[in-house]
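Undergrad: Next input, structure requested:
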Amino acid sequence: MIQSRLLAPKIRELRNSRNAAVEEEDPGQPIVNDVNKPEFEDPEAKDRYDRNLSENRPALVNRQPGDRRHSLNFEDEPKIKIRFYTNQSAMDRIRNIWLHNYTSATLIRTLMWLLKVLSCVMYIANFSVNTHTIIHCYKCPTTDGEHSKYLSLLWIERGLAYYIVDVVIAFISLLDMCMLIAVEFKGNVMEQIFSARVFLESLTSVPFIVSVCHPSLRYLYVPTFLNCWLAKSFLEVVVLYRAKENQGPQRDKGGVNHLKRLIIKLISFIICLAFTCMCGIHYVERIQSDTFDFFSSFWFVVVTFSTVGYGDMSPDGSIGKVFVIIMIVTALIFVPVQLEALSFAWSEKQKLGGSYSRRRAIKERHVVLCASYMSTDILEPFMNEFYAYPHLKNYYVILLCPKEFDGTISTMLENPAYSHRVIYMQGSVLKLECLVRAKVHYAECCFVLSSRNTKDMRMEDEATVLRAWSVKDFAPHVPLYVQILMPEHKQHVICADYVICEDELKYAVMASNCICPAMSTYISLLVHTLQGRSSENMTSDWETHYCWSMAQEIYDKKVGDSKFFKEYIGYNFIEAAYFAHKKYGVMLIGIEGSDFPLTLNPGPERILDATDRVIYFFR
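TA: Presented below is the predicted three-dimensional model:
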C-alpha cells in the first residue's frame, strides 16, 4: 500500500524546484501559455484552477523546436523508490506457497512424490538385504513357541542407513502434513484429522519419530510400503496442477484433459494395489516359509487378479489366507469403479469427437467446416465438390458442429472415398476450447456454411455472422469462406476473405436466364460435380444427350502438364481442338497465355505453347 500522504510533499517539492529552474533560466518567459488558459467568471473557480495547476500538474511551457529549455527532462532529477506490497499475514503467504502458486506447489508435490517412492524402494531393499529374521526388541519373548513366531512379525532387522533415511522422510512428511492441515483448514478440523491421508502418514511416519526418543523401537516394523498410496495422491495433484496451468488456448501443447487424468488414475491405482498386495503377502508369509520372495509374491498377485489361478502357490498360514481374501474383495470393489469412470469418459469423448492433434496439424493439411446443423444437403455437396479435385485428396476435413450427427450423416460419412479423411467434433466455434480442439489456427482455410432449409433465414444469418467473427478473431491469418443467405447481411461479414450470398447468386442466375435461355442449367452443370445417368432407359434423343452432357466438367490445365494437349504443342488452336476431341473426347473451348488474356475460340491464328493454359470440357 503506497503512503500517498507521505509522497505528496516530496513530489510537490520536485515540481517546484523544476519550475524555479525554468524561471531562473528565462525569467521573462511565462511557464503557462496564457493563450490556452481558460477564462473564469467565478473568482473562486479561477483560484482553485491556479492552485491545482501549480501544485498537482507539471509545468506547461511554450515548446518550440530545438528549445531545450522548454523540454521536461526527468532523467537528471532525483527519483523516489516506491515499493508495492500487500498486507498479507504469514498464514496467507504459506497458503500461497503451498496451494495457489503453481511453481512452488508443483515443486513441493513432486518432492513429496519422490520421497514416497524412495520410501517404497527402501522397504524392498531392506528386506532384500536382510533375508533372515533377527529380533531386536524391548522385552520381546525369547521362547520358540507359537506366540514368539507371530510376535516376530512386529520386529525386523533394519540397517542404520535405512533407518536414518526413513527418519528423514518421516520428519519431512509430517511437516508437510501439518502444513497442509493448517492451510486447508475450513472449519471442521476433525474431518481433516481423521482423513485417509492423515491416517497413512501417521502409520508410516509417527513410529520413526517416536523411535528417535525411544531407541528400543528402532526395529519395530513399519509398513512403509503403504507410502505408495500417498505417492499416488501426490501424482494426481501434480497432474491436476499441470492441467489447470495448461488450459489456456495457446498452451494446449502440454495440457492434460479429463480422460488422460482418469487413465493415469486407473494405472496408478492398479500399480499401488498390486504393490501393496505383493508386499503384504510377502510380509505375512515370511514366518511360514521362504517361498514367497518379492518376485514370487508379484507372480501370485498377478495370477490371482487375472483369475487364472494356476495353483502352484498358495498361502500357508491363516493370516496369509485372510490377507488374500481382503485383497480380492478390495480389487473386486474398487477396480470396476475406476473402469466405469474411464469408460464413461471415453464414451463422452466419442460423442464430442476428441481433438485434432497438434503434431498432425503441423504435418498434415486440414480445413475446418462449421455449421449450426449438419445435414445431408450441406455436407454431401461439399464433400463431393471438395474431394473432386485431385490435389485435395490428402486434405483432412474437420466438421465442427454443436449438435450430434444423425444416422443418415453417419452413413454418408462411411463413404470409402473420404471416410478416413473426415473427422467429426461436437462443439461450437463460439467457444475458445473448441477452436483449439479443431486447431483452427493451423488450418488451410475455414468454411462457415448456412443451412438453406431453415425456416428463419435471418436467425441463421445472425448465427453465421457470429461464427465468422469468432473464427476471424481467433485466427486472423486463416482464409475464411462464409455463406450468407440474405444479401442485406453481407455488410456484417466484411472480415471474411470470401463471401457467397445464396439469394444474390440465385437472382443473378435467374436474370441471366432471361437474357440467355438455359443459362441457369448451363452454369449449374458446370459448377457441380455430377456423375451422369445411364441412357439405356431414355425415350428421346434430347434426354440421352442431356444425361451425357451433365457429366461433363470444365478443367483448367497448363499445356506442358496436360496429357491431352502436350503432344499438340506448336499446333494452332483449331487443329489441337480437332485432334484432342477425336483421340480423347476432350472439348477445347479457350486458351490463356502469359501475354494475352483468356480467349474463347481464338481461331487458327493462336498457336499452342507449353506455358499456355487451356480451358476444356471432359467427362
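Undergrad: Any regions of the stretch 101-250 of the chain where pLDDT drops low?
TA: Using pLDDT under 70 as the threshold, the predicted model of the stretch 101-250 of the chain has low-confidence ranges 130-152, 185-189, 241-250.
Undergrad: now the helices for it?
TA: Chain-ordered helices for the stretch 101-250 of the chain, with DSSP state H, counting those that start in this stretch as the definition, fall at 102-129, 146-151, 160-183, 189-193, 196-213, 227-245.
Undergrad: Only the buried residues of the fourth one, if you could.
TA: I take that to be helix 189-193. Within helix 189-193, the residues that qualify as buried are Gln192, counting by 16 or more other C-beta atoms under 10 Å. Backbone N, C-alpha and C define where each C-beta goes, glycine included.
Undergrad: how about low-confidence regions in the stretch 501-619 of the chain?
TA: Segments of the stretch 501-619 of the chain classed as low confidence (criterion: pLDDT under 70) are 525-539, 548-551.
Undergrad: so where do the strands sit in it?
TA: Counting by DSSP state E, counting those that start in this stretch, the segments of the stretch 501-619 of the chain that form strands are 553-558, 587-592, 599-600, 613-618.
Undergrad: Kindly reformat those strands as a markdown table containing mean neighbour count.
TA: A markdown table is the format used below for these (neighbours: other C-beta atoms under 10 Å):
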| stretch | mean neighbour count |
| --- | --- |
| strand 553-558 | 14 |
| strand 587-592 | 18 |
| strand 599-600 | 11 |
| strand 613-618 | 19 |
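Undergrad: Columns distance to Ser306 on top of those strands, output as TSV?
TA: Conversion of these to TSV gives the following (distance: least, C-beta to C-beta, whole Å):
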stretch	distance to Ser306
strand 553-558	60
strand 587-592	70
strand 599-600	76
strand 613-618	63
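Undergrad: thought Ala105 was touching Trp98?
TA: Yes. The pair Ala105 and Trp98 passes the contact test of C-beta atoms under 8 Å, sitting 6.3 Å apart.
Undergrad: now the helices of the stretch 101-250 of the chain as TSV including distance to Asn601?
TA: Written out in TSV, the entries for these read as follows (distance: least, C-beta to C-beta, whole Å):
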stretch	distance to Asn601
helix 102-129	71
helix 146-151	107
helix 160-183	85
helix 189-193	89
helix 196-213	86
helix 227-245	65
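Undergrad: Please identify the most buried of these.
TA: helix 227-245 (a mean of 19; mean count of other C-beta atoms under 10 Å).
Undergrad: quick one: the helix or strand following it to helix 227-245, angle?
TA: Where DSSP states H and E defines the elements, the next helix or strand beyond helix 227-245 is helix 258-284. Counting by axes from the mean of the first three to the mean of the last three C-alpha atoms, to 10 degrees, helix 258-284 lies at 170 degrees to helix 227-245.
Undergrad: Quick check: buried residues in helix 258-284?
TA: Applying a neighbour-count criterion of 16+ other C-beta under 10 Å, the buried positions in helix 258-284 are 261-262, 264-266, 268-269, 272-284.
Undergrad: Which strands and helices lie in contact with that helix?
TA: Counting contacts by 3 or more C-beta pairs under 8 Å, 6 or more residues apart in numbering; DSSP states H and E, helix 258-284 packs against helix 102-129, helix 227-245, helix 294-305, helix 318-352.
Undergrad: ok, 6 Å please
TA: Under the contact criterion of 3 or more C-beta pairs under 6 Å, 6 or more residues apart in numbering; DSSP states H and E, helix 258-284 touches helix 227-245, helix 294-305, helix 318-352.
Undergrad: tell me the angle the last one makes with helix 294-305.
TA: Computed with the same axes, to 10 degrees, the direction of helix 318-352 lies at 60 degrees from that of helix 294-305.
Undergrad: Now helix 318-352: buried residues?
TA: Neighbour counts using 16+ other C-beta under 10 Å place Ile319, Gly320, Phe323, Val324, Met327, Ala331, Gln338, Ala345 of helix 318-352 among the buried residues.
Undergrad: now the residues you listed in CSV, with pLDDT and distance to Val301?
TA: Output for the buried residues of helix 318-352, formatted as CSV (pLDDT from 0 to 100; distance: C-beta to C-beta, whole Å):
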residue, pLDDT, distance to Val301
Ile319, 82, 16
Gly320, 82, 13
Phe323, 86, 11
Val324, 86, 9
Met327, 87, 8
Ala331, 86, 9
Gln338, 83, 17
Ala345, 75, 27
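Undergrad: Show me which of these is closest to Met383.
TA: Within the buried residues of helix 318-352, proximity to Met383 (C-beta to C-beta) peaks at Ala345, which comes in at 30.6 Å.
Undergrad: Distance check, that closest one against Leu332.
TA: Computed with C-beta to C-beta, to the nearest Å, the distance linking Ala345 and Leu332 is 22 Å.
Undergrad: what about Ala490, how many neighbours?
TA: Just to correct that, residue 490 is Lys rather than Ala. Each residue near Lys490 was counted by other C-beta atoms under 10 Å, and the total is 17.
Undergrad: Kindly report the same for the one 3 residues further on.
TA: Under the neighbour criterion other C-beta under 10 Å, Val493 is assigned a count of 22.
Undergrad: Pull the contacting residues for it.
TA: Applying C-beta atoms under 6 Å, 6 or more residues apart in numbering, we find Val493 in contact with Val465, Ala468, Val482, Val499.
Undergrad: So which of the residues you listed wins on neighbours?
TA: Going by other C-beta under 10 Å, Val482 tops the contacts of Val493 with 28 neighbours.
Undergrad: wait, it sits on Val499?
TA: Yes. Under the criterion of C-beta atoms under 6 Å, Val482 lies in contact with Val499, with a separation of 5.1 Å.
Undergrad: before we move on, back to that, how about JSON lines for the helices and strands packed on helix 258-284, with distance to His477 added?
TA: Rendered in JSON lines, the data for the helices and strands packed on helix 258-284 read as follows (distance: least, C-beta to C-beta, whole Å):
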{"stretch": "helix 227-245", "distance to His477": "27"}
{"stretch": "helix 294-305", "distance to His477": "53"}
{"stretch": "helix 318-352", "distance to His477": "27"}
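Undergrad: Kind regards, and thank you for your time.
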